[in-house]
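Peer 1: structure, please.
(chains A, B, C and D)
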There are 2 protein chains.
Amino acid sequence: MDVKTLCLGVLSRGEATGYEIKKVCEEGPFAHFYAAGFGSIYPALNALSDEGLITMREVLQDGRPAKKVYALTAAGRLALTSALAEPPAPDRLRSDFLFMTFFGELLPARDVDRLVENRIAFLRARLAEMRNCAVQELPGGPAFTLGYGIAVYEAAADYLETHRHELVAASLRNEIDGHPQAPLPGLDAARPEKAGTR
Amino acid sequence: MDVKTLCLGVLSRGEATGYEIKKVCEEGPFAHFYAAGFGSIYPALNALSDEGLITMREVLQDGRPAKKVYALTAAGRLALTSALAEPPAPDRLRSDFLFMTFFGELLPARDVDRLVENRIAFLRARLAEMRNCAVQELPGGPAFTLGYGIAVYEAAADYLETHRHELVAASLRNEIDGHPQAPLPGLDAARPEKAGTR
DNA sequence: AAGATATATATCGAATCTATATATATCCGA
DNA sequence: TCGGATATATATAGATTCGATATATATCTT
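Peer 2: Residues are numbered from 1 along each chain as shown, chains lettered A, B, ... in the order given. Take a look at the predicted model:
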């Protein structure tokens, strides 16, 4: 499921420019499950064009740079369905926010509080966007997938609101007495060593 | 928050090998928020060694390849705290599963059902692991972050169980009458075009 | 009037992922 | 008991993707 497949998917729902595909990933209905930047989208569109899976037509606009509108071909639609037939790869997630909360004790309590506060605000804003997203009226896959996102974001926001004080308290305790952090389980397992340090 | 920072973070909780760091991301306490493979971890550890942020000692084992055990230096600990002080980058997520549900109508209903079934099983299994994870006993950041993961996974599994029939029904409807999919809002906006197709 | 934001494409270098190679031990089912 | 899968461990080449930047102009905000 690479960026090429992403482009095929978006184009299967209507013509679009690279810029619009990016927006679908950023604010649109894909925002909660597919991140992609210009640096991957534009090369992907060129490759798909070369392979004959999409067509391009240039549209002039006044006051703006010309845009390249892409459309799916029959071969492209076939490529999409065959990509969808394969078993899904495991999700890949990288969250700086959760990395930071994990090491919350290493931050000043004030910063931790602000971090969580900002996150809650972000989640609530995205939830509002999602709730009045026009996709909700598209039944089937799109509505189902948006509903999943709403359910998950809601759970996240609720969790943060109910538990934020625990994280701040931990950071505060650490500011006062500076306890060393407990080792992570799974690390340093006492396994038999044949010889010592080399 | 690159893989180097990830390594510093794990090592701040105890010595570890590259292999162990991978496991922390795969099954361990980082599994729900940080994905990283060997191809990024091993080069990162070498770079950190060169920069003097970690030290390495080789440990011989019988019947197994020797392992390289890494430990954080004082400079490394400093580098970690300064990385944590910076504002978090937005989450990056790529979910093949949600991509597939979005285009659920393009799949046979039987396949959609199996897809969701497998996902629920996966989520429940991970939830069981998380619930008896030893990290839960580590108060502060680790427990908070694990709790977040549990809350989110639970919401996801519940949503899938309550709504799976909707997705399957949509796929079934499509198998019968083969409706074309509605266009995505945000695409094809009727903007003034100066000239026609070039 | 300045500065930010939006529209639009493009590309380079860095970071990251996927797949594979190496080597050995154990565990499990046919 | 033989083969295959899984686990322990590191390493790297090649493909993909990310992040930052450049270009150009209109509009919106302060």
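Peer 1: mind checking the SS state of whatever residue of chain A ends up closest to DNA strand D?
Peer 2: In chain A, the residue that lies nearest DNA strand D is A:G39 (2.1 Å; CB to the nearest atom of the strand). In short, each C-beta sits where N, CA and C put it, glycine included. Classification of A:G39 by DSSP: H, G, I helix; E, B strand; the rest coil places it in helix.
Peer 1: burial of it, as a residue count?
Peer 2: By other CB atoms under 10 Å in any protein chain shown, the residues close to A:G39 number 9.
Peer 1: next: A:A134.
Peer 2: Neighbour number of A:A134 under other CB under 10 Å is 13.
Peer 1: ok, A:N132 next?
Peer 2: Residues lying near A:N132 (other CB under 10 Å) number 7.
Peer 1: just the pLDDT for it.
Peer 2: The score at A:N132 is 82. That number is its pLDDT.
Peer 1: contact partners for A:E166?
Peer 2: A:E166 makes contacts with B:G140, B:A143, B:F144, as judged by CB atoms under 8 Å, 6 or more residues apart in numbering or on different chains.
Peer 1: identify the residue spatially nearest to A:A35, adjacent ones excluded.
Peer 2: Excluding the flanking residues, the one nearest A:A35 by CB to CB, 6 or more residues apart in numbering or on different chains is B:R92, at 4.5 Å.
Peer 1: surely that neighbour meets A:R94?
Peer 2: Yes. With contacts counted by CB atoms under 8 Å, B:R92 reaches A:R94, the gap being 4.9 Å.
Peer 1: between those two, which has more neighbouring residues?
Peer 2: Neighbour count, other CB under 10 Å: between B:R92 and A:R94, A:R94 has more, with 22 against 15.
Peer 1: so which bits of stretch A:20-36 are buried?
Peer 2: Neighbour counts using 16 or more other CB atoms under 10 Å in any protein chain shown place A:20-25, A:28-36 of stretch A:20-36 among the buried residues.
Peer 1: could you tell me the average pLDDT over that stretch, please?
Peer 2: Here the average pLDDT along stretch A:20-36 is 93.
Peer 1: equivalent analysis for stretch A:2-14, please.
Peer 2: 96.
Peer 1: strands of chain A, start to end?
Peer 2: Using DSSP state E, the strands of chain A run over residues A:54-59, A:67-72, A:92-94.
Peer 1: let's have those in CSV, adding distance to B:R119 and mean pLDDT.
Peer 2: Output for the strands of chain A, formatted as CSV (distance: least, CB to CB, whole Å; pLDDT from 0 to 100):
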stretch, distance to B:R119, mean pLDDT
strand A:54-59, 30, 94
strand A:67-72, 27, 95
strand A:92-94, 15, 95
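Peer 1: got the ones you listed as JSON lines, with distance to B:G14 columns?
Peer 2: Formatted as JSON lines, the strands of chain A follow (distance: least, CB to CB, whole Å):
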{"stretch": "strand A:54-59", "distance to B:G14": "50"}
{"stretch": "strand A:67-72", "distance to B:G14": "51"}
{"stretch": "strand A:92-94", "distance to B:G14": "22"}
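Peer 1: tell me which of the ones you listed sits nearest to A:A151.
Peer 2: strand A:92-94 (16.7 Å; CB to CB).
Peer 1: so how far is that closest one off the chain centroid?
Peer 2: 8 Å (CA atoms, centre = their mean, to the nearest Å).
Peer 1: and what of stretch A:130-146?
Peer 2: The mean C-alpha position of stretch A:130-146 is separated from the chain mean by 17 Å, CA atoms, centre = their mean.
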